[in-house]
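Engineer: got a sequence here, can you model it:
(chains A, B, C and D)
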There are 2 protein chains.
Amino acid sequence: MAHEAPGMMHGTLDALILKTLVTGPRHGYAIARWLEEATGEMLTIEEGSLYPALYRMERKGWVEAEWGMSELNRRAKLYRLTPRGRKQLVAETEHWARFAAAVSKVLLPA
Amino acid sequence: MAHEAPGMMHGTLDALILKTLVTGPRHGYAIARWLEEATGEMLTIEEGSLYPALYRMERKGWVEAEWGMSELNRRAKLYRLTPRGRKQLVAETEHWARFAAAVSKVLLPA
DNA sequence: TCCTATACCTTGACACTCTAGGTATCACCG
DNA sequence: CGGTGATACCTAGAGTGTCAAGGTATAGGA
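Structural biologist: Numbering: from 1, shown residues only, chains lettered A, B, ... in the order given. The predicted model follows:
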(Lines give C-alpha, C1' and ligand atoms only; values in the text may rest on other atoms or scores of the structure.)
Protein backbone atom coordinates (compact mmCIF):
# COMPACT_ATOMS: atom_id res chain seq x y z
CA MET A 1 0.00 0.00 0.00
CA ALA A 2 2.75 2.38 0.88
CA HIS A 3 0.58 5.29 1.81
CA GLU A 4 3.86 6.35 3.25
CA ALA A 5 5.58 9.64 2.81
CA PRO A 6 7.61 9.95 -0.35
CA GLY A 7 11.25 9.19 0.13
CA MET A 8 10.53 6.76 2.88
CA MET A 9 12.88 4.14 1.56
CA HIS A 10 15.77 6.50 1.46
CA GLY A 11 19.01 4.83 2.34
CA THR A 12 17.74 1.37 3.12
CA LEU A 13 16.70 0.32 -0.34
CA ASP A 14 20.02 -1.13 -1.38
CA ALA A 15 20.35 -3.23 1.72
CA LEU A 16 16.82 -4.54 1.38
CA ILE A 17 17.38 -5.54 -2.22
CA LEU A 18 20.70 -7.18 -1.46
CA LYS A 19 19.11 -9.08 1.38
CA THR A 20 16.46 -10.37 -0.97
CA LEU A 21 19.19 -11.96 -3.06
CA VAL A 22 21.04 -13.90 -0.37
CA THR A 23 18.77 -16.92 -0.80
CA GLY A 24 19.53 -17.05 -4.49
CA PRO A 25 19.10 -15.14 -7.74
CA ARG A 26 15.87 -13.28 -8.30
CA HIS A 27 14.50 -10.99 -10.96
CA GLY A 28 13.44 -7.44 -10.25
CA TYR A 29 9.75 -7.97 -10.19
CA ALA A 30 10.15 -10.90 -7.80
CA ILE A 31 12.32 -8.79 -5.51
CA ALA A 32 9.55 -6.22 -5.20
CA ARG A 33 6.86 -8.84 -4.64
CA TRP A 34 8.92 -10.69 -2.08
CA LEU A 35 9.65 -7.59 -0.05
CA GLU A 36 6.00 -6.60 0.01
CA GLU A 37 4.97 -10.03 1.05
CA ALA A 38 7.68 -10.31 3.68
CA THR A 39 6.65 -7.08 5.38
CA GLY A 40 2.91 -7.42 5.02
CA GLU A 41 2.72 -4.58 2.51
CA MET A 42 4.52 -2.35 4.95
CA LEU A 43 7.43 -1.75 2.59
CA THR A 44 6.93 -1.32 -1.11
CA ILE A 45 9.54 -0.70 -3.74
CA GLU A 46 8.38 1.50 -6.55
CA GLU A 47 9.56 0.22 -9.88
CA GLY A 48 10.98 3.63 -10.63
CA SER A 49 13.28 3.13 -7.64
CA LEU A 50 13.89 -0.57 -8.03
CA TYR A 51 15.38 -0.73 -11.49
CA PRO A 52 17.66 2.28 -11.13
CA ALA A 53 18.84 0.80 -7.85
CA LEU A 54 19.65 -2.48 -9.54
CA TYR A 55 21.63 -0.75 -12.28
CA ARG A 56 23.47 1.28 -9.70
CA MET A 57 24.43 -1.82 -7.77
CA GLU A 58 25.41 -3.62 -10.94
CA ARG A 59 27.75 -0.75 -11.79
CA LYS A 60 29.24 -1.01 -8.34
CA GLY A 61 29.74 -4.72 -8.72
CA TRP A 62 27.38 -5.72 -5.95
CA VAL A 63 25.11 -7.73 -8.20
CA GLU A 64 25.36 -9.39 -11.58
CA ALA A 65 22.56 -9.68 -14.08
CA GLU A 66 21.73 -12.35 -16.61
CA TRP A 67 18.75 -12.85 -18.80
CA GLY A 68 16.77 -15.95 -18.06
CA MET A 69 13.31 -17.20 -17.30
CA SER A 70 10.98 -16.47 -14.42
CA GLU A 71 9.07 -19.12 -12.51
CA LEU A 72 6.19 -18.47 -14.88
CA ASN A 73 8.44 -19.07 -17.86
CA ARG A 74 8.63 -15.50 -18.89
CA ARG A 75 11.63 -13.50 -20.00
CA ALA A 76 13.25 -12.04 -16.91
CA LYS A 77 16.57 -10.56 -15.85
CA LEU A 78 17.98 -12.51 -12.98
CA TYR A 79 20.15 -10.74 -10.43
CA ARG A 80 22.77 -12.58 -8.42
CA LEU A 81 24.72 -11.37 -5.41
CA THR A 82 28.48 -11.05 -5.91
CA PRO A 83 31.05 -11.51 -3.14
CA ARG A 84 31.41 -7.77 -2.97
CA GLY A 85 27.64 -7.45 -2.73
CA ARG A 86 27.69 -9.83 0.19
CA LYS A 87 30.30 -7.73 1.94
CA GLN A 88 28.29 -4.63 1.23
CA LEU A 89 25.21 -6.21 2.70
CA VAL A 90 27.04 -7.08 5.88
CA ALA A 91 28.33 -3.52 6.18
CA GLU A 92 24.95 -1.96 5.50
CA THR A 93 23.21 -4.29 7.89
CA GLU A 94 25.60 -3.38 10.64
CA HIS A 95 25.20 0.25 9.87
CA TRP A 96 21.44 -0.06 9.94
CA ALA A 97 21.52 -1.78 13.30
CA ARG A 98 23.59 0.95 14.87
CA PHE A 99 21.71 3.75 13.22
CA ALA A 100 18.31 2.34 14.11
CA ALA A 101 19.41 1.83 17.69
CA ALA A 102 20.61 5.42 17.95
CA VAL A 103 17.46 6.89 16.45
CA SER A 104 15.22 4.70 18.55
CA LYS A 105 17.12 5.66 21.66
CA VAL A 106 16.34 9.30 20.98
CA LEU A 107 12.88 8.95 19.57
CA LEU A 108 11.23 6.18 21.51
CA PRO A 109 10.35 6.57 25.20
CA ALA A 110 12.71 4.62 27.41
CA MET B 1 32.59 12.17 14.28
CA ALA B 2 29.92 11.14 11.87
CA HIS B 3 32.15 8.83 9.93
CA GLU B 4 28.82 7.71 8.59
CA ALA B 5 27.87 7.44 4.99
CA PRO B 6 26.53 10.66 3.50
CA GLY B 7 22.78 10.90 3.48
CA MET B 8 22.45 8.81 6.55
CA MET B 9 20.04 11.16 8.25
CA HIS B 10 17.64 11.13 5.41
CA GLY B 11 14.09 11.13 6.62
CA THR B 12 14.69 11.07 10.33
CA LEU B 13 16.19 14.48 10.78
CA ASP B 14 12.94 16.32 11.33
CA ALA B 15 11.75 13.91 13.96
CA LEU B 16 15.05 14.04 15.80
CA ILE B 17 15.02 17.82 15.88
CA LEU B 18 11.42 17.99 17.01
CA LYS B 19 12.16 15.50 19.74
CA THR B 20 14.98 17.68 20.95
CA LEU B 21 12.49 20.47 21.52
CA VAL B 22 9.94 18.62 23.63
CA THR B 23 11.78 19.44 26.83
CA GLY B 24 11.71 23.12 26.02
CA PRO B 25 12.98 25.72 23.58
CA ARG B 26 16.49 25.35 22.26
CA HIS B 27 18.64 27.14 19.74
CA GLY B 28 20.03 25.44 16.67
CA TYR B 29 23.54 24.99 17.88
CA ALA B 30 22.31 23.47 21.12
CA ILE B 31 20.09 21.06 19.20
CA ALA B 32 23.08 19.73 17.32
CA ARG B 33 25.21 19.44 20.43
CA TRP B 34 22.47 17.73 22.39
CA LEU B 35 21.83 15.14 19.74
CA GLU B 36 25.50 14.30 19.48
CA GLU B 37 25.81 14.00 23.17
CA ALA B 38 22.65 11.93 23.52
CA THR B 39 23.81 9.37 21.00
CA GLY B 40 27.47 9.25 21.94
CA GLU B 41 28.55 10.94 18.73
CA MET B 42 26.67 8.29 16.78
CA LEU B 43 24.35 10.83 15.16
CA THR B 44 25.59 14.20 14.01
CA ILE B 45 23.63 16.96 12.37
CA GLU B 46 25.60 18.94 9.85
CA GLU B 47 24.85 22.63 10.12
CA GLY B 48 24.12 22.70 6.44
CA SER B 49 21.27 20.30 7.16
CA LEU B 50 20.20 21.67 10.50
CA TYR B 51 19.34 25.25 9.62
CA PRO B 52 17.50 24.49 6.40
CA ALA B 53 15.54 21.87 8.33
CA LEU B 54 14.57 24.42 10.95
CA TYR B 55 13.41 26.91 8.33
CA ARG B 56 11.46 24.19 6.61
CA MET B 57 9.70 23.26 9.82
CA GLU B 58 9.08 26.87 10.68
CA ARG B 59 7.35 27.33 7.31
CA LYS B 60 5.24 24.29 8.05
CA GLY B 61 4.31 25.64 11.44
CA TRP B 62 5.94 22.88 13.43
CA VAL B 63 8.28 25.20 15.27
CA GLU B 64 8.41 28.89 16.11
CA ALA B 65 11.55 30.97 16.35
CA GLU B 66 12.42 33.92 18.50
CA TRP B 67 15.67 35.74 19.08
CA GLY B 68 17.01 35.49 22.55
CA MET B 69 20.06 34.55 24.53
CA SER B 70 21.91 31.29 24.89
CA GLU B 71 23.07 29.82 28.19
CA LEU B 72 26.38 31.54 27.54
CA ASN B 73 24.64 34.85 27.07
CA ARG B 74 25.14 35.00 23.38
CA ARG B 75 22.69 36.01 20.70
CA ALA B 76 20.78 32.91 19.67
CA LYS B 77 17.57 32.02 17.88
CA LEU B 78 15.39 29.93 20.11
CA TYR B 79 13.07 27.39 18.58
CA ARG B 80 9.90 26.28 20.29
CA LEU B 81 7.63 23.37 19.45
CA THR B 82 4.13 24.31 18.33
CA PRO B 83 1.04 22.14 18.90
CA ARG B 84 1.22 21.13 15.26
CA GLY B 85 4.85 20.28 15.73
CA ARG B 86 3.92 18.06 18.62
CA LYS B 87 1.38 16.23 16.50
CA GLN B 88 3.91 15.87 13.76
CA LEU B 89 6.41 14.41 16.16
CA VAL B 90 3.92 11.81 17.32
CA ALA B 91 3.14 10.86 13.74
CA GLU B 92 6.75 10.65 12.71
CA THR B 93 7.68 8.67 15.77
CA GLU B 94 4.97 6.15 15.04
CA HIS B 95 6.05 5.96 11.46
CA TRP B 96 9.63 5.44 12.48
CA ALA B 97 8.69 2.64 14.82
CA ARG B 98 6.77 0.77 12.14
CA PHE B 99 9.33 1.43 9.47
CA ALA B 100 12.26 0.40 11.63
CA ALA B 101 10.45 -2.75 12.68
CA ALA B 102 9.77 -3.69 9.08
CA VAL B 103 13.31 -3.05 7.93
CA SER B 104 14.79 -4.86 10.90
CA LYS B 105 12.51 -7.80 10.31
CA VAL B 106 13.92 -8.17 6.82
CA LEU B 107 17.51 -7.23 7.49
CA LEU B 108 18.34 -8.63 10.88
CA PRO B 109 18.56 -12.38 11.54
CA ALA B 110 15.50 -13.73 13.29
C1' DT C 1 46.92 39.57 20.07
C1' DC C 2 45.51 35.13 18.38
C1' DC C 3 42.90 31.19 18.65
C1' DT C 4 39.05 28.45 19.79
C1' DA C 5 34.30 27.85 20.74
C1' DT C 6 29.91 29.59 20.13
C1' DA C 7 26.12 30.67 16.96
C1' DC C 8 24.12 31.53 12.64
C1' DC C 9 23.75 31.55 7.49
C1' DT C 10 23.99 30.32 2.31
C1' DT C 11 25.13 28.31 -2.17
C1' DG C 12 25.66 24.56 -5.10
C1' DA C 13 26.28 19.94 -5.96
C1' DC C 14 24.81 15.38 -5.33
C1' DA C 15 22.12 11.34 -4.65
C1' DC C 16 18.14 9.04 -4.22
C1' DT C 17 13.29 8.32 -4.58
C1' DC C 18 9.07 8.85 -6.82
C1' DT C 19 5.57 10.02 -10.44
C1' DA C 20 4.00 8.86 -14.50
C1' DG C 21 4.36 7.45 -18.27
C1' DG C 22 5.79 3.55 -21.70
C1' DT C 23 6.65 -1.53 -24.02
C1' DA C 24 5.60 -6.59 -24.54
C1' DT C 25 3.86 -11.08 -23.38
C1' DC C 26 0.77 -14.38 -21.42
C1' DA C 27 -3.48 -16.41 -19.32
C1' DC C 28 -8.04 -16.10 -18.65
C1' DC C 29 -12.80 -15.01 -19.49
C1' DG C 30 -16.81 -13.57 -21.74
C1' DC D 1 -12.03 -12.98 -30.76
C1' DG D 2 -11.30 -9.03 -27.87
C1' DG D 3 -10.58 -7.26 -23.42
C1' DT D 4 -8.50 -7.29 -19.05
C1' DG D 5 -5.20 -8.02 -15.53
C1' DA D 6 -0.94 -9.86 -14.11
C1' DT D 7 3.77 -10.40 -15.25
C1' DA D 8 8.20 -8.14 -16.34
C1' DC D 9 10.98 -4.54 -17.81
C1' DC D 10 12.29 0.39 -18.81
C1' DT D 11 12.89 5.65 -18.66
C1' DA D 12 12.59 10.84 -18.25
C1' DG D 13 11.86 14.33 -15.21
C1' DA D 14 10.77 16.37 -11.04
C1' DG D 15 11.18 16.84 -6.33
C1' DT D 16 13.52 16.77 -2.08
C1' DG D 17 16.72 16.38 1.47
C1' DT D 18 21.40 16.08 2.85
C1' DC D 19 25.94 17.51 2.65
C1' DA D 20 30.36 20.02 1.71
C1' DA D 21 32.32 24.14 1.95
C1' DG D 22 32.37 28.25 2.27
C1' DG D 23 31.04 32.63 5.04
C1' DT D 24 29.90 36.26 9.22
C1' DA D 25 30.25 37.80 14.10
C1' DT D 26 31.24 37.72 19.02
C1' DA D 27 33.17 36.23 23.41
C1' DG D 28 36.70 34.42 26.29
C1' DG D 29 41.12 32.57 27.38
C1' DA D 30 46.10 32.00 26.58
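Engineer: buried stuff in the host helix or strand of A:Glu92?
Structural biologist: Per DSSP states H and E, A:Glu92 falls inside helix A:83-107. For helix A:83-107, the buried set under the neighbour-count rule, 16 or more other C-beta atoms under 10 Å in any protein chain shown, comprises A:85, A:88-89, A:92-93, A:95-96, A:99-100, A:102-103, A:106-107. Placement of C-beta: from N, CA and C, glycine included.
Engineer: up against DNA strand D, what does chain A have?
Structural biologist: Near DNA strand D, the residues belonging to chain A are A:6-7, A:27-30, A:33, A:47-48, A:51-52, A:54-55, A:70-72, A:74-78 when assessed by C-beta under 7 Å from any atom of the strand.
Engineer: whichever of those end up buried, select them in PyMOL.
Structural biologist: Buried subset of those, written as a PyMOL selection, criterion 16+ other C-beta under 10 Å:
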select buried, chain A and resi 27+28+30+54+76+77+78
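Engineer: just the residues of chain A next to DNA strand D: which are in helices?
Structural biologist: The helices, defined by DSSP state H, take in A:28-30, A:33, A:47-48, A:51-52, A:54-55 from the residues of chain A next to DNA strand D.
Engineer: now the residues you listed in a markdown table, with distance to A:Leu16?
Structural biologist: Output for these, formatted as a markdown table (distance: C-beta to C-beta, whole Å):
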| residue | distance to A:Leu16 |
| --- | --- |
| A:Gly28 | 13 |
| A:Tyr29 | 15 |
| A:Ala30 | 14 |
| A:Arg33 | 13 |
| A:Glu47 | 15 |
| A:Gly48 | 16 |
| A:Tyr51 | 15 |
| A:Pro52 | 14 |
| A:Leu54 | 12 |
| A:Tyr55 | 16 |
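Engineer: which residues does stretch A:74-94 contact?
Structural biologist: Here stretch A:74-94 makes contact (C-beta atoms under 8 Å, 6 or more residues apart in numbering or on different chains) with A:14-15, A:18-19, A:21-22, A:24-31, A:54, A:57-58, A:60-70, B:107-108.
Engineer: how about a cut-off of 6 Å?
Structural biologist: A:15, A:18, A:21, A:25, A:27, A:61-68, A:70, B:107 (C-beta atoms under 6 Å, 6 or more residues apart in numbering or on different chains).
Engineer: please apply the same query to stretch A:8-22.
Structural biologist: Around stretch A:8-22, the neighbours that count as contacts under C-beta under 6 Å, 6+ apart are A:31, A:34, A:53, A:81, A:85, A:89, A:92, B:10-11, B:103, B:106-107.
Engineer: save the residues you listed as CSV, and put in distance to DNA strand C too.
Structural biologist: Output for those, formatted as CSV (distance: C-beta to the nearest atom of the strand, whole Å):
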residue, distance to DNA strand C
A:Ile31, 13
A:Trp34, 16
A:Ala53, 5
A:Leu81, 18
A:Gly85, 14
A:Leu89, 14
A:Glu92, 11
B:His10, 8
B:Gly11, 9
B:Val103, 12
B:Val106, 14
B:Leu107, 14
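Engineer: ok, which pair from the residues you listed is furthest apart?
Structural biologist: A:Leu81 and B:Gly11 (26.0 Å; C-beta to C-beta).
Engineer: neighbour-wise, which of these two wins?
Structural biologist: Shown here are A:Leu81 and B:Gly11; by other C-beta atoms under 10 Å in any protein chain shown, A:Leu81 has more neighbours (23 against 20).
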